[in-house]
Structures are given as C-alpha cells and as structure tokens.
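# Here is a sequence with its predicted model. Questions after.
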Amino acid sequence: MAVRNQQSSTILPAMAVFGLALIASAPAKADAAFLPGLKKHQLLTSTSPDNGDQNPYALVVAPASAGSVRKNDVLIGNFNNKGNLQGTGSTIVDYRPSTGQMSVFAATPASLPGCPGGVGLTTAMTMLKSGWVIVGSAPSTDGTSKTLGQGCLIVLDSFGKVAGTIAGPEINDPWGNMAVIDNGDTAKLFVSNVGFDIGTSGAPTVHDKATVLRIDLSIPDGKPPVVTEKTVIADGLASQADPGVFLIGPTGLALGSQGQLYISDAIGNRVVSIPDAASRTSSAGTGKEIAKGGFLNRPLALATAPNGNLLVINGLDGFVVEVDPDGGKQLARRLIDGDQAQSPPGSGDLFGIAINPDGKSFYYVEDDINALVEAK
C-alpha cells in the first residue's frame, strides 16, 4: 500500500501454508462467525507482471467467462509502477485457480484521452457478466499526491483492450472497491470518490468532501456500457492526501440484504450504512454509523461473507475484522499479515478482499510482497 514496498515479488505457490491466528471472537455468536472456521492461508501467486508494476490494490472474481477471462478467475490491479511510484500502475493480472497460472489481462497506456491526469489503477474495479471490466484511476506523475489528477473510470473489453472512459465533474479519483448490481443488460455501480478539494499541495488536510456515486449503466449487446444516470447517494465523508499511502478516504463498499450500502469510513475509523442505495434519488449524507473503533483500525476494503456478515480489512495492522451488520457487533478478528517489518505487524500491507465463489474462503492481496493469498 505504501511506497516503502521494495521486497522481491517472486512468490512460489508451494512456498508455505501458514496458520491463521484467531485473536478474538465473541462467545455469544462464535458459531455464527465466518472467520473462526478458517485455518490457514496460502500464497497463490505473485501479482507483479514482467513490466515490474507492483502494489496490488483491486481484487475481483470474474462472474462469467468472456474473452481471455474464465469464470472464477481472479483479476488484480496494480497501483504502482516498477519504480514503486504510486498512482502510476497500469496493469491488471489474471490468476486462474484451476491451473494456478498468472497472466497479464490488461496493460493500459500511461495516459488516456478522457482520463484527466493519467493512469494509476485503484481498487475501484469490477467485471460485469457481459464481460466488460471497469476500473478506476487516481493518477500521479511523480508518485505523490502533489501531482494528483482527477482520474476517471476506464472501460476495458474482455480481452483487456481499452474501449472508453467514464469521467465528469461527479468523478474525482474513484478509489474504493466497487459494489455492483448486475442484471446483464443493465447494471448499477457504486463508486467512492476521494479527490474533491484535496488539491496538489500533498498536505495531509482532512476534507469532508468525499462522495459515493451510483452510476446506472445500459449495456447494449456487443457494445460498451452507456451511462444513463449518475446519482450521489452519500457525501460529506472524510478524505485526505497522505505522503505514505497517497490518499485516505472511504474505501470499502458492500451491499446489504435490505438494499443498504455499507461504506468503510477510513478516517472516521468506522463503517456506515446508506439506505435504499439502488433507488434513492438524493444523498443520505454520511449515513448511519454501524460500527466504530474496537477491532477496527483504519477500515479499508469490505466484503460480505457467506453468512451475511461484513469482512473488514484494516489498513493500520494486519487484521481482518468480522462485523454483524445488523447490530454492529464485532464478532471476530484474524491476523492475516504478520509482517514484522511494519509496526504494528502488517500495517499498510492489506487492501483488496474478495470472497471465493465456493463460499469457504476469501482472497486478499499483500502489498508488502506483491502477492495474492487465499485464507481458507
């Protein structure tokens, strides 16, 4: 996550299978929690391609087979280039669980018409059932937020070729992992935008201007998605530039069973909820607070576990936290990155998370070693 990552990116899947340390779980709901059932984690592949891109952010499991992608492949985006400059990564790699092989899915140009500031691929990424891949860009020209560009969403076909961009005044450094409602010929994307009013000073001033934007898409047969509507459904969330991790702001997005959207408010150290996310026509502001503090330590990516609970990746330690979204109770936490090079261990190493379609495990990325890992 931070620019300090200078370790080798050569990872062999057979290197080791390590035990996962269960630190705490709530006795009252231990049987209902997902994390206590996981016993190990396994390094699957390096996420750094031949061009040297590093710092894996986005993590998406393919919902369908299309083009060069097979269903259940894992797509991983890189935020840094080979010089370890943040906001300059331009590649997406494809890990195929059935073969254990990694290949390059996309290598986007360093600059694109319609994408202000260049290309630096963020964790805002999804693959639609129709095969289109949409990924966010929060670019820099020198690896710092002093040269932060407005960015855009980049639309790729199922072979990784750029088909267009989505930009405009509502889109400013699309950052957090997307939540998606995908109906095949239509879709709704939920994207956090953290760049508003941050400016180019690089100063760590907090601005309460970050938003979550819902983008409604029409997907004509064989043609790129078309934006039919954009609606800000949350605003007033905190974001800031940061010399170590580039940007801090709302990162995790996950849909709930009652139509709500959960958002990880990194600076507020909490998870909030926006009601009627798919249908509302106005902003709910910063939403309703679901969980705050406790095991949370700068919450980043979110995923919904098979039991309906939220899995929350921490940015300031190596833990993933399980939260009951109904009552906000923090049921368990697990240390999934104990790298002693950081203090506390694993701090700044974790970012993306995605549930394995088998419902028994989850994928995550370790930025310190540029690796895809499975907890199972």
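Yep, that arrived.
# residue ranges for the strands of the stretch 251-376 of the chain, please.
Counting by DSSP state E, counting those that start in this stretch, residue ranges of the strands within the stretch 251-376 of the chain are 253-255, 261-265, 270-274, 288-292, 299-304, 310-314, 319-323, 330-335, 350-355, 362-366, 371-375.
# scratch that, the stretch 1-150 of the chain
According to DSSP E, counting those that start in this stretch, the stretch 1-150 of the chain carries its strands in the segments 17-19, 21-25, 40-46, 54-61, 74-80, 91-96, 101-107, 121-127, 133-137.
# In CSV: those strands, plus mean pLDDT, mean neighbour count and distance to V227.
Bear in mind the C-beta positions are built from the backbone N, C-alpha and C, glycine included. As requested, the strands of the stretch 1-150 of the chain are exported to CSV (pLDDT from 0 to 100; neighbours: other C-beta atoms under 10 Å; distance: least, C-beta to C-beta, whole Å):
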stretch, mean pLDDT, mean neighbour count, distance to V227
strand 17-19, 38, 12, 44
strand 21-25, 45, 15, 43
strand 40-46, 96, 19, 34
strand 54-61, 97, 27, 20
strand 74-80, 98, 28, 21
strand 91-96, 98, 22, 22
strand 101-107, 98, 18, 21
strand 121-127, 97, 28, 14
strand 133-137, 98, 28, 11
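# would you turn those strands into a markdown table with distance to G199?
A markdown table is the format used below for those (distance: least, C-beta to C-beta, whole Å):
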| stretch | distance to G199 |
| --- | --- |
| strand 17-19 | 42 |
| strand 21-25 | 39 |
| strand 40-46 | 36 |
| strand 54-61 | 23 |
| strand 74-80 | 20 |
| strand 91-96 | 28 |
| strand 101-107 | 30 |
| strand 121-127 | 19 |
| strand 133-137 | 18 |
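# thinking again about what came up before, got JSON lines for the strands of the stretch 251-376 of the chain, with mean neighbour count too?
Written out in JSON lines, the entries for these read as follows (neighbours: other C-beta atoms under 10 Å):
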{"stretch": "strand 253-255", "mean neighbour count": "23"}
{"stretch": "strand 261-265", "mean neighbour count": "28"}
{"stretch": "strand 270-274", "mean neighbour count": "23"}
{"stretch": "strand 288-292", "mean neighbour count": "18"}
{"stretch": "strand 299-304", "mean neighbour count": "24"}
{"stretch": "strand 310-314", "mean neighbour count": "27"}
{"stretch": "strand 319-323", "mean neighbour count": "26"}
{"stretch": "strand 330-335", "mean neighbour count": "23"}
{"stretch": "strand 350-355", "mean neighbour count": "23"}
{"stretch": "strand 362-366", "mean neighbour count": "26"}
{"stretch": "strand 371-375", "mean neighbour count": "22"}
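# re the thing from before, right, so of the strands of the stretch 1-150 of the chain, which gets closest to V180?
With C-beta to C-beta, the closest approach to V180 among these belongs to strand 121-127: 4.9 Å.
# related to what we said a few turns ago, out of the strands of the stretch 251-376 of the chain, nearest to V69?
For the strands of the stretch 251-376 of the chain, proximity to V69 was assessed by C-beta to C-beta; strand 350-355 is nearest, at 14.4 Å.
# mind listing what that closest one pairs with, with the direction of each?
According to DSSP bridges, strand 350-355 forms sheet pairs with strand 362-366 (antiparallel).
# Quick one: mean pLDDT for stretch 209-228?
Per-residue pLDDT values across stretch 209-228 average out to 97.
# list the buried ones in it?
If you call a residue buried by 16 or more other C-beta atoms under 10 Å, then stretch 209-228 has these buried ones: 209-217, 219, 224-225.
# give the contact list for G87.
Applying C-beta atoms under 8 Å, 6 or more residues apart in numbering to G87 gives the contacts 79-80, 118, 120, 138-140, 143, 145, 147-149, 246.
# May I see the residues you listed organised as JSON lines, with distance to P49 added?
As requested, the contacts of G87 are exported to JSON lines (distance: C-beta to C-beta, whole Å):
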{"residue": "F79", "distance to P49": "13"}
{"residue": "N80", "distance to P49": "12"}
{"residue": "G118", "distance to P49": "19"}
{"residue": "G120", "distance to P49": "16"}
{"residue": "A138", "distance to P49": "20"}
{"residue": "P139", "distance to P49": "19"}
{"residue": "S140", "distance to P49": "20"}
{"residue": "G143", "distance to P49": "19"}
{"residue": "S145", "distance to P49": "25"}
{"residue": "T147", "distance to P49": "24"}
{"residue": "L148", "distance to P49": "25"}
{"residue": "G149", "distance to P49": "23"}
{"residue": "F246", "distance to P49": "21"}
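# surely K230 meets E170?
Yes: between K230 and E170 there is a contact at 5.1 Å, judged by C-beta atoms under 8 Å.
# what touches both of these two?
L213.
# who's in contact with the residue nearest to F196 when sequence neighbours are not counted?
Nearest residue to F196 in three dimensions, chain neighbours excluded: K209, at 3.8 Å (C-beta to C-beta, 6 or more residues apart in numbering). For K209, the contacting residues are 196-197, 235-236, 239, by C-beta under 8 Å, 6+ apart.
# Now that we have those residues, which of them are buried?
Restricting the contacts of K209 to buried positions leaves 196, 235, 239, with burial counted as 16+ other C-beta under 10 Å.
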